[in-house]
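1. I need the structure of the sequence given here:
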Amino acid sequence: MKGAEERRPYRMQARARAAEETRVRILEATLSLSRERFYDEITLQEIAGIAGVSLQTVIRRFGSKEGLLRAVGEYVTPAIEAMRVAVPPGDIDGVVRALIPHYEQDGDATTRLLAVEDRIPAVKEALRYGKEFHRGWIVRTFAGALPEPDAPDYPRRLALLVAATDVTTWKLLRRDQGLSEAETARAMREMLERLTRSD
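-> The predicted model follows:
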């Protein structure tokens, strides 16, 4: 009897590990597909197939496609935030180093989400937090280069910094204008240097 009692915590830990591994496979499968296609072109059945689980497993874990979208956001956000908040205030090179690799990996997926946000409320809601976080990060990072918040030109100056570092600017430079990754990083750096000059 004692042996069975001792084995129970081990079995519970093993089940918890297996459940977490399943969750991560589903989230990674969703990320993989989102890097190739639009949100409304992806089905839960495809996600289940790539993750190696049943459709019912996906539904049981996440409830719906919208629930899965929220879970993906919660899954990727901590690493993104950690990389950004580690950038010292005013460090333009640090900003570029934080943004460009992230955009290279997920910029296309993000711009595809942006393309459908106005017709899919769940996507709009998922993107809302990211936009707010990005703006707040720019405010904190470039506070020393911005005028006082009540100054007449504060909204314009802040908007320019947000635009210079936005994923849509990366897309314009990298995809539409055909710049290399290094050239895109240099262009973003040049924009930020000009926008933060004190003259």
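2. Where does pLDDT dip in the protein?
-> 1-8, 10, 199 (pLDDT under 70).
3. what about the longest helix in it?
-> The longest helix of the chain (DSSP state H) is helix 2-34.
4. What is it packed up against?
-> Other helices and strands packing on helix 2-34, by 3 or more C-beta pairs under 8 Å, 6 or more residues apart in numbering; DSSP states H and E, are helix 44-51, helix 55-62, helix 65-85, helix 92-116. All C-beta spots, glycine's among them, are computed from the backbone N, C-alpha and C.
5. In JSON lines: these, plus distance to Leu31.
-> JSON lines is the format used below for the helices and strands packed on helix 2-34 (distance: least, C-beta to C-beta, whole Å):
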{"stretch": "helix 44-51", "distance to Leu31": "10"}
{"stretch": "helix 55-62", "distance to Leu31": "14"}
{"stretch": "helix 65-85", "distance to Leu31": "6"}
{"stretch": "helix 92-116", "distance to Leu31": "8"}
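6. Which of those helices sits closest to Ala19?
-> helix 55-62 (8.4 Å; C-beta to C-beta).
7. What helices and strands are in contact with that closest one?
-> Other elements packing on helix 55-62 under the criterion 3+ C-beta pairs under 8 Å, 6+ apart are helix 2-34, helix 44-51, helix 65-85.
8. if we can go back for a sec, between helix 55-62 and the longest helix of the chain, find me the angle.
-> Orientation check (axes from the mean of the first three to the mean of the last three C-alpha atoms, to 10 degrees): helix 2-34 against helix 55-62 gives 100 degrees.
9. how far off helix 65-85 does helix 2-34 point, in degrees?
-> 90 degrees.
10. on that earlier part again, quick one: the helices and strands packed on helix 2-34 as a markdown table, columns for mean neighbour count and distance to Arg194 too.
-> Formatted as a markdown table, those follow (neighbours: other C-beta atoms under 10 Å; distance: least, C-beta to C-beta, whole Å):
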| stretch | mean neighbour count | distance to Arg194 |
| --- | --- | --- |
| helix 44-51 | 17 | 43 |
| helix 55-62 | 16 | 44 |
| helix 65-85 | 15 | 22 |
| helix 92-116 | 18 | 11 |
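11. So which bits of the longest helix of the chain are buried?
-> Within helix 2-34, the residues scored as buried using 16 or more other C-beta atoms under 10 Å are 22-23, 25-27, 29-31, 33-34.
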